[in-house]
Each structure stands twice: as C-alpha cells, then as structure tokens.
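S.K.: below is the structure, and that's it, no one-letter string:
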C-alpha cells in the first residue's frame, strides 16, 4: 500500500513507521519541513507521485481543508483522517462533494507527546481503530481504510460518525471533564490534607494531567455530545449532594451499587472482565534486583502474569505489587512465594 | 505494649497481627466468637486482664458505645479507634465524659475485603495514620496512640477531628462519589461504545468497584463535609456544560489547565512528584517468563524500577509496560534493551 500522510507529528509519524514496518510505502507532507524530513528519515522507504490512500494526520479543525486540497491535487482516490471527532469532518467533506472517496478513522491511541521525534511504530498495536464510513463511502475506500488499521496491528471497529462522537463523549471526553474538575478542586485543598491521599485519588485524577492544546479543541468540537452525557450526571450530582446533607444512607448505598454495575460493564484485558483473574499481592523491598528475583520465581513456576501494578503512598519504604494471575494459580503461587521467604497474599475470594 | 482490640474483622485482625510482629501483646474481643478465635489464633501471643490501650476496631457508628462500655469495665486507661470519620465519635465520647482518655485515629489503609481470614500484618506499612487528639486528650493517651501507629510501620499525621473529616471528604469521599456517578452513567452506554474504552476510563472508575456496605455509612456520616467539597464542583460542572454547548475553547482550555495544577499538588511515591522519574515503555510479549527476562536485564544494569504498570486494551496481543526509573537512567536503559532485541521507548522529554 502506498500512503501519503499529511502531518508529520506524533500520530502521523507513528503511523508511517508502523506502515513501513508492515511492508507499506509512505510519503510525508508537512508545512514544517523539518518535521517532514525527520519523519521521512525515520521511515526510510518513500515514493514519488500519488498514493492509494491519503491520510490527514493534522489537528481535527484542519482535516477537511487538508483533504479538499489533496483531492484537488489528485494525491489519491481514497481519503481518511485520524481526528478525535468525526461528524464535523464528515459534514465538511460532504459540502466539498468528496463523500464517496472519504471514510473517517480514529485510532484509539495517543499520548501526552507531540512531534515526530517521539513517534513509535507500536503505537496502534492492539488498539481499537474506529472507522466511520458514511452511506456514500465507496467500498474501495472502506476496504483501504480497514487494511490500513489492520496492517499496523489495530482492531477495526465500525461506527457511524454520529455513534463515534457519542461513544468518545461517553468513554473518553466526559471522563476527562470530570477528572479535570476534580483535580481542579484540589487547588483549594490544604497541603496537609493532600499528604493523606491514597491511590484512589491518584487513579481518579491521572488523566487530568492531559495537555490543554490537545484537549481544548477536542472538547469544543464535540461539545454537544459531551454535554448530553454530562447533563444527567450533573443532575444526579445535585441529588447526591442532597442525600449527603440529609445523611440518606439508602440513597448513597444505591449510588455505590449503581457504580458497581456500570464499572463491571467496562471490558478488561482481552475483552474480559478483570474478575476473571486471581489477584495476589507481594511486598517488594525497595532495592535493585527484587523484581528480577520475583519474576525468576514466576518463570520457574510457569505462571503468566496477566496484569501488574505497584501501589505506593508517601514515604512508603517498600512497594506493594498487585498481580493478576490465571484463575486457579493464585493460592499455589502465594504458597510458593512464602516458602521462598517472600511476603505474599491472595486477594481474591 | 498490651493492646485490647474490640472487633476482629479485617482491620482489627490486621492491626493485631502487625502489633504482635512488632513485639506487642494483643487481646481480641468480638461478639462473633468465631472471629475472635480466628484472630487470636493468627496472632498467637495474648494476655489476660486490662491493657495499656483499647482500640475500637468496629464500624464507625458503633465506636462510641464500644468505648463507653470498655471504659466502664476498666479495660484500659487510654482509648482510640480506627473509624473513617472523627467528629461524630469525638462528640459522643465527650458526652460520656471520656475526653481525656480518648484520642481518635484513622489508618489510611483498607481494602475491599472483610473478616479476619484475609487480614495481613503489612496493611499499615508506609501508610499515613491520622491521629486526632482533642484539646482535652491527655499526653499519655496521645503518646500511646502515636506509638501504636509507629510500631506497625505507619506514618502518624496529626489533624483535629474537624480537619480530618474535611481532608477525607476532599481526598477520598468526594472522589468516591464522582467515580461512582461516572461509573453509574456507564449503565446507559451502548456496549459497542464501551469496546473502545481505554485506560483512562478504567483508572477514573476503579474505585467505583467499592462495596456498598463499607461506603454507604461513611458517606452518610461525613455527608456535610463531602457536600461542601462537591458543591463548588457541581456548580463548575454546570458552567462547563454551558461552555461545551457554546463550544467555548478558551473556557474548556482553562478547565484542563486548572486540572493540571490541581493534579500536580498530589504527592507521589516517597512524597515526591511522579515527574521526578524517567518514564520508559517496553513491549512485553504475551507468554510466560518475559517479565523475568526483562527484570534480569534491569538487575544486570543495576537499575531500580520505581513504579510499574501494564497498559492493556481489548484484544491486545502483547502488553505494554510503563516503567518509572531514576532520573538519568531512562535513555541508557532503553538503549540497553534495544541492543538485547526488546522494543523499548523513552517517554519523557
């Protein structure tokens, strides 16, 4: 596949690297010639003339113009983009009369990084790549965009442009707003109070570290869908504040229960619920080589670690590892670790 | 130290185990004689008669009565508790005229578990333990409660009962309500939309998995403080919904920025910001023994891993490890890994 990528930033360059690794050919275009050169140098393989597919890897507000210009220059016969919102681009592309040749795309991968220097060829591996054909998109274009996603290891998910924008409002943009609101409120909190913060606050506010330049355009472009998702939450928050003031244990318990039910709907690793693993916990002395010793033992026991995280709190002298193991392996692994003088505990059951 | 613990549940039994390990003597009292026996069996060392310190390790609503009864039986001359809220207990204890002999406590450790079987002696290690003396608390009692926390490896933090309740509303109870509200809204989300959820949604809603039986009493007991923390957030959420509808990029950018500032105030591992580490990323093939191979290399390179997490998304064929290394170690570690045919990347800078 010959692909022209306009926008040699973090996403565009990563896509080019991934495509080249998969045997494709890539040509970069960027107003910033330094970026285009660096990206071309990183992929190596390039070509002259038009391509099979044109990818607009520019910020969402610029996508439609870039595609219109590429179409006029006959750079390709099929066009896609990587933007975070889809209905606005779709509408503009239809205005230009390009509907047949266009199929929107949105790889669910990203980072706080920018620029071609930090790009990575594995960025899309195992990630959902939402593809948003319109009723007018021609089959050849849809097939090419699907191939693009598959060739870089992504998992294509077909949605309409409208469903896509609702979905990202629900699973990404709305949560971002709430995390930023909560983190913002911490500005007024006494420093002594923050010293007793645990992992819960850190997890809940992690994405509040996101960059303004990335998020302000996303939030304003998809404002209607995000507002529609947040409005019932806002109304429910007002009701909950009433329940808190009234000390209404029943209503507050019901909130926690509904949270449990919603939480359980999020797919975990390999599309399955995290409940399907044995959870164990291991105390890890804070000195070099301890993880190596520990994972040597896992290797010896032939136990695969499905998930891992480290819990930490201020001043902690030793780390606490949380590990997910295949079902049935938890108890025996803990016993084997204790025999070897590790402090280990099962957490499930 | 001789300590009588009333309540042989998860917290009380863990405290008993930690105290015994530190050389103390422990006696358990529990209405559930099976729990008391199991807890006693787990600590081994016990004593007869009164103790130096009495710990009420019962649910918060029962604390004051349990302490009054213990005082009448002369079980000790100093009394404390482990409850999640403090002003309500303080008020009741003062009503009984026990103020001098009482100093509240709240170890910031816990879990979704309950009962003595799952108790663990390292539960309090490195965790903040809030101690809430009143103006009337006698010095001997304050010293004993501080010793209790230190002997089990916790980090004593002194706050007034009122400050404690505000602090936990800000760093724990308020975030719990918001996480539960967000997760609850996921009940109405189309299943196809949830398949594109990333790590952000998982992190933001992790604590929404908490149990109703634990949280409903906490939220209703500390309702006024939690409401006071959430009210400005609720008002701000309404304003943000307005900005979203208006597509006000400037206001939405300001929200993200304020979130950055608040997020940066949360202390990380060893009390320092997470920014003080080099972040690297390593692709981990999904087969046994890979972590062992990887950490052997870290051992060989004498690099200490400060933090670790695994990123995963539905259908991911290989895991992506995120590692925090001491500053200055990121680049050389990535180079060393690439030399050994690992796919590794620096994430900082």
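M.R.: Received the coordinates, thanks. None of these values were measured; they are calculated from a predicted model.
S.K.: need the three-state assignment for residue A:27.
M.R.: Secondary structure, DSSP: H, G, I helix; E, B strand; the rest coil: residue A:27 is strand.
S.K.: residues touching it, list them.
M.R.: Residue A:27 is in contact with A:2-5, A:40, A:46-48, A:51, counting by C-beta atoms under 8 Å, 6 or more residues apart in numbering or on different chains. Using the backbone N, CA and C atoms, a C-beta is placed for each residue, glycine as well.
S.K.: show the pLDDT at residue A:123.
M.R.: In this model, residue A:123 is scored at 87, pLDDT.
S.K.: now do the SS call for the closest residue to it other than its chain neighbours.
M.R.: Residue nearest to residue A:123 in three dimensions, not counting chain neighbours: residue A:14, with 4.0 Å by C-beta to C-beta, 6 or more residues apart in numbering or on different chains. Of the three states, residue A:14 takes helix under three-state DSSP.
S.K.: tell me, how many residues neighbour residue A:14?
M.R.: For residue A:14, the count of nearby residues is 28 (other C-beta atoms under 10 Å in any protein chain shown).
S.K.: from chain B, how far off is it?
M.R.: 11 Å (C-beta to the nearest C-beta, to the nearest Å).
S.K.: contacting residues around that residue?
M.R.: Contacts for residue A:14 (C-beta under 8 Å, 6+ apart) come out as A:119-121, A:123-124.
S.K.: so which of the contacts of residue A:27 are in strands?
M.R.: Judged by DSSP state E, these include A:2-5 as members of strands.
S.K.: select the longest helix from chain A.
M.R.: helix A:223-246 (DSSP state H).
S.K.: and for the one helix or strand residue A:300 maps to, what's in contact with it?
M.R.: Secondary structure assigned from DSSP states H and E places residue A:300 in helix A:290-301. The contact list for helix A:290-301 (C-beta under 8 Å, 6+ apart) reads A:282, A:284, A:304-305, A:321, A:332-333, A:336-337, A:340, A:342, B:288-289, B:291-296, B:298-299, B:305, B:308.
S.K.: quick one: list the elements packing against the helix or strand just after that helix.
M.R.: Note on helix A:290-301: by DSSP H and E, the next helix or strand toward the C-terminus is strand A:307-311. Strand A:307-311 sits against strand A:318-326, strand B:307-311, with contacts defined as 3 or more C-beta pairs under 8 Å, 6 or more residues apart in numbering or on different chains; DSSP states H and E.
S.K.: what average pLDDT does the helix or strand just after the longest helix of chain A get?
M.R.: Note on helix A:223-246: by DSSP H and E, the next helix or strand toward the C-terminus is helix A:249-263. Mean pLDDT, helix A:249-263: 97.
S.K.: quick one: helix A:249-263 near chain B?
M.R.: Yes - using C-beta under 8 Å from any C-beta of the partner chain, helix A:249-263 reaches chain B at A:249-250, A:252-253, A:255-263.
S.K.: show me just the buried residues among the residues you listed.
M.R.: A:249, A:252-253, A:255-260, A:262-263 (16 or more other C-beta atoms under 10 Å in any protein chain shown).
S.K.: how near is residue A:304 to residue A:48?
M.R.: Residue A:304 is 48 Å from residue A:48, where distance means C-beta to C-beta, to the nearest Å.
S.K.: in the stretch 201-349 of chain A, which ranges drop under the pLDDT threshold?
M.R.: A:268-276, A:286, A:288, A:311-319, A:347-349 (pLDDT under 70).
S.K.: for the stretch 101-250 of chain A, what spans make up the strands?
M.R.: Using DSSP state E, counting those that start in this stretch, the strands of the stretch 101-250 of chain A run over A:104-107, A:128-132, A:155-158.
S.K.: could those strands be laid out in TSV, adding mean neighbour count?
M.R.: Formatted as TSV, the strands of the stretch 101-250 of chain A follow (neighbours: other C-beta atoms under 10 Å in any protein chain shown):
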stretch	mean neighbour count
strand A:104-107	26
strand A:128-132	24
strand A:155-158	18
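S.K.: could I get these as a markdown table with distance to residue A:34?
M.R.: A markdown table is the format used below for those (distance: least, C-beta to C-beta, whole Å):
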| stretch | distance to residue A:34 |
| --- | --- |
| strand A:104-107 | 25 |
| strand A:128-132 | 28 |
| strand A:155-158 | 33 |
